[in-house]
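>>> Build me a model from this:
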Amino acid sequence: MSSHDETETFVEGERLGVPALLEALTDVIERARSMPMSSSVLVNRNEALDLIDELRDALPSQLSRADEVLSDADQVLEDAHVEAENLIATARARAAELVNAEQVVLQAEVHARELIAHAEATVATLRHEADDYCDRRLAEFEIDLGKVLAQVHAGRDKLAERLGEPREEESFE
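Now for the predicted structure:
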């Protein structure tokens, strides 16, 4: 077993999400043993890399959950359209039977339009909430990733300084 087992990334059989994994990675760095007379620390490479691998695995699952929320919103809209079409068909059949009662048909069409408008408003709300959720999760990950990247750069700068070598800046864009 690796020392990564110390940082438990499972809770009752479930994988932790991105924020919890980032917290575990931060904990690994904070627990790292300090180098004498230096701000550098010794980080267990395997433990840190295991957590980073789990982060990579967790991100697609979080994004797929957001996709599921969006597809559910599309299903609500589809169901509403089917229900509205069924109501309109029922109203037309009833109107054929009640030729003298035009008001019934008009009320059914108005009701069907109201149902469609309500369903479309519900879908728009669900889609907005799903997009907002995705944006918040990505923003949190971006912030946490920026912190980790800043720590990595600081560590590499310190190592380059000790080695007496200028460090080339890397671009991830």
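>>> Can you give me the end-to-end span of stretch 23-40?
Across stretch 23-40, the terminal residues are separated by 20 Å (CA to CA, to the nearest Å).
>>> got the contact list for Tyr133?
66, 69 (CB atoms under 8 Å, 6 or more residues apart in numbering). Using the backbone N, CA and C atoms, a C-beta is placed for each residue, glycine as well.
>>> how much distance is there from the strand or helix carrying it to the middle of the chain?
Taking DSSP states H and E as the definition, Tyr133 sits inside helix 102-163. Chain-centre distance of helix 102-163: 8 Å, with CA atoms, centre = their mean, to the nearest Å.
>>> Over to stretch 86-93?
41 Å.
>>> in that stretch, what's buried?
87-88, 91 (16 or more other CB atoms under 10 Å).
>>> One more: stretch 25-44?
25, 28-29, 40-41, 43-44.
>>> In contact with the closest residue to Ser40 other than its chain neighbours, which residues?
Spatial nearest neighbour of Ser40, chain neighbours left out: Lys158 (5.1 Å); criterion: CB to CB, 6 or more residues apart in numbering. Taking CB under 8 Å, 6+ apart as the criterion, Lys158 is in contact with 38-40.
>>> remind me which residues of this structure are low pLDDT?
1-15, 62, 95, 99-101, 167-173 (pLDDT under 70).
>>> Could you rerun that using 90?
Under the criterion pLDDT under 90, the flagged ranges of the chain are 1-45, 47-85, 87-108, 160-173.
>>> wait, is Ser38 part of a helix?
No: applying DSSP: H, G, I helix; E, B strand; the rest coil, one finds Ser38 to be coil, outside a helix.
>>> So the residue nearest to Ser40 versus Asp57, what's the distance?
From Lys158 across to Asp57, the span is 30 Å (CB to CB, to the nearest Å).
>>> Burial check on Leu70, number of neighbours?
By other CB atoms under 10 Å, the residues close to Leu70 number 16.
>>> host element of it?
Short version, using DSSP H and E: Leu70 is in helix 45-97.
>>> now the angle between helix 102-163 and that helix, please.
Relative orientation of helix 45-97 versus helix 102-163 (axes from the mean of the first three to the mean of the last three CA atoms, to 10 degrees): 170 degrees.
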